[in-house]
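Novice: based on what follows, work out the 3D shape:
(one chain, ligands or ions: 1)
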Amino acid sequence: MRKRTVTFVLAAAMAVSSVLPVYASEETESAGDLSGKTFAIVIRNAGNPYAEKEAEGFREVIEAAGAECIVRTPERATADAQIPLIQSLISQEVDAIAIASNDVNALTASLTEAMEAGIKVSSLDSNVAPEARQTFVNQAGVQEIGQALADAVYDISGGEGQWAILSASSQAANQNSWIEAMQTIMEDEKYAGLELVEIAYGDDEPQKSTDQTQALLEKYPDLKVICSPTTVGISAAAKVLQDNQSSVKLTGLGLPSEMSEYIGDDDSHSCPYMFLWNPEDVGRLSAYTSIALVEGTITGAVGETFEAGDMENSPYTITECDDGGSEVILGPPFRFDSSNIDEWKDIY
Ligand code: RAM
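Specialist: Below is the predicted model of the structure:
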């Protein structure tokens, strides 16, 4: 994990902003021919703090390299809301587009058009089709996330009973791949006592996620566990369960800053533990990937490597993604529980 580096980067950023022309000119010099280049990121949706943190990490790296950063935020977590943003970036002739997609297939035509116009295209967080990108910046291995979540549901339920999933939108590539991995893992005899009763979709909207959680509680009185592999879903569900003093327990993927009051081992807390990674690092790695594509250090082919500043696993290597395209993996998922949540809640 990157707590130390985050602190360092914050300190360095403060130093840069409060000091000196000398520092600034050194920055610009090291940026070399990136001045004049424009790097865009299109995030999932407005009102999604995780997505905002990805954008912050992306912006930090691009601006430190002396280039221009554009952040585009769709109102809703849909492909329809993202397509006009991509079209306007093509008209602006940006050098690179990084996109956290809301639909694995629906952006293919627009992103292909962008690549044909010479724009470097990569996805981050939630993938697009292989032909619509040069590479994908993946927060953690799909299998590893699926295993962590399947084992959490098994452990928290005591190995048997009803459980449900509260996801983002039904078209979200990342949530769908994690859910599919969980379901495949759970075909093993070990998980035979568990019954998945429903996959509900809160569309990464707090109110819809709240309503969906309430509906699950009403429909399934014997429900034991909800697994929400989305930061927006898990924080909405945590509040519903804890406010109602429900005996249903929660796990999934959440931001420590949003989940600290719900994490604990006793009955008064709804979530014993959950997982995530540093969303700012997803954005930072995405920025370094876009820079390497624009500089021509990489094309997105499997086996290529590139430098990512002081990031923990730099240099990164591009590997094969299970959709046949390529990906760069940030690192393993990290577990947050009562023993460490206080350390992390002010960091992201
Ligand atoms: C939500 C978004 C994002 C996802 C995280 C875990 O914020 O859906 O895409 O990666 O959850």
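
Novice: where exactly do the strands run in the stretch 101-250 of the chain?
Specialist: Along the stretch 101-250 of the chain, the segments classed as strands by DSSP state E, counting those that start in this stretch run 120-124, 135-138, 161-167, 194-201, 223-228, 249-252.

Novice: and stretch 308-324, which residues are buried?
Specialist: Ala308, Gly309, Met311, Tyr316, Ile318, Cys321, Asp323 (16 or more other C-beta atoms under 10 Å). From N, CA and C alone the C-beta is placed, and that goes for glycine too.

Novice: nope, stretch 203-212 is what I was after
Specialist: Neighbour-count burial for stretch 203-212 [16+ other C-beta under 10 Å]: Asp203, Asp204, Glu205, Lys208, Ser209, Thr210, Gln212.

Novice: over to stretch 230-243?
Specialist: So for stretch 230-243, counting by 16+ other C-beta under 10 Å, buried means 230-242.

Novice: most widely separated two among these?
Specialist: Maximum pairwise distance among those (C-beta to C-beta): 17.9 Å, between Thr230 and Gln242.

Novice: list, one by one, the residues from the stretch 201-348 of the chain near the ligand.
Specialist: By the rule C-beta under 6 Å from any ligand atom, the part of the stretch 201-348 of the chain lying against the ligand is Asp204, Thr230, Thr231, Val232, Leu253.

Novice: before we move on, the earlier item: make CSV from the buried residues of stretch 230-243 and add pLDDT to it.
Specialist: Below are the buried residues of stretch 230-243 laid out as CSV (pLDDT from 0 to 100):
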residue, pLDDT
Thr230, 98
Thr231, 98
Val232, 98
Gly233, 98
Ile234, 98
Ser235, 98
Ala236, 98
Ala237, 98
Ala238, 98
Lys239, 98
Val240, 98
Leu241, 98
Gln242, 96
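
Novice: in this protein, which residue is most central in space?
Specialist: By C-alpha atoms, centre = their mean, the mean C-alpha position of the chain lies nearest to Asp125, the distance being 4.2 Å.

Novice: wait, that residue touches Ala77, no?
Specialist: No: taking C-beta atoms under 8 Å as the definition, Asp125 is not a contact partner of Ala77, at 11.7 Å.

Novice: pull up the overlap in contacts between the two.
Specialist: Residues within reach of Asp125 and of Ala77 at once, by C-beta atoms under 8 Å, 6 or more residues apart in numbering, are Arg44.

Novice: three-state assignment of the residue of the stretch 1-150 of the chain at minimum distance from the ligand?
Specialist: Sorted by distance to the ligand under C-beta to the nearest ligand atom, the residues of the stretch 1-150 of the chain start with Tyr50, at 3.3 Å. Secondary structure, DSSP: H, G, I helix; E, B strand; the rest coil: Tyr50 is helix.

Novice: now it, nearest residue through space, not along the chain?
Specialist: Thr231 (4.2 Å; C-beta to C-beta, 6 or more residues apart in numbering).
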